[in-house]
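Participant: structure of the sequence below:
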Amino acid sequence: MNMSTRKRTSLSVSQKRELCEMKNNNPSLSNVELARQYNIGKATVTDILKDKECWLSITSERDDLKKFCAPKWPQLEEALSLWVDNALNAQQDITGHILKEKAKYFAAQFSINDFHSSDGWLMGFRNRHGLCQFTKQGEAASAPSVEQLENE
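Facilitator: Residues are numbered from 1 along each chain as shown. All right, here's what the predicted structure looks like:
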């Protein structure tokens, strides 16, 4: 029995988006042709095209991803992401504890009862939104935060 073996290929987000765009631009292109072009199986092409809205919606800044894990509570994460953007624009300090507390607040506002602000959720949120932790050095470290000034 002569079976052809194909080396396992893992496509990046940009390649999956490109595959979906090719199929949108040329609907007569078969999945077999796409599979041959990307050196993947036909079933893999079918799976990618099944989720094409997801792959087409991911921005180019996340091209390094191999898979995309959607958040369990997208409404909560969208609200928290907007809050983070506003806080960063106002040059406020944001810690993991603050993110967890704001997430709990938004969960209560959206009546999400099964949300637990765990360290795992926080790590996933940071990864999905490209957030990093920085430590202030020098004069910036000694300056009081906005929250401390408001509480005085």
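Participant: rest of the way, CA atoms for contacts and neighbours
Facilitator: Noted.
Participant: element containing the residue nearest the centre of the chain?
Facilitator: Nearest to the geometric centre of the chain sits residue 128, at 3.0 Å (Cα atoms, centre = their mean). Counting by DSSP states H and E, the element that carries residue 128 is helix 119-129.
Participant: just the buried residues of that helix, please?
Facilitator: By neighbour count on 16 or more other Cα atoms under 10 Å, the buried set for helix 119-129 is 122, 125-126, 128.
Participant: closest to residue 21 out of these?
Facilitator: Of all the buried residues of helix 119-129, residue 21 sits closest to residue 128, with 23.0 Å by Cα to Cα.
Participant: from residue 87, how far off is that closest one?
Facilitator: 18 Å (Cα to Cα, to the nearest Å).
Participant: repeat that for residue 9.
Facilitator: 40 Å.
Participant: of these two, give the one with the bigger neighbour count.
Facilitator: Set side by side, residue 9 and residue 87 show more neighbours around residue 87, with 13 against 10, by other Cα atoms under 10 Å.
Participant: can you pull the contacts of the more buried one?
Facilitator: 93-94 (Cα atoms under 8 Å, 6 or more residues apart in numbering).
Participant: rerun at 10 Å
Facilitator: In this structure, residue 87 makes contact with 81, 93-94, judged by Cα atoms under 10 Å, 6 or more residues apart in numbering.
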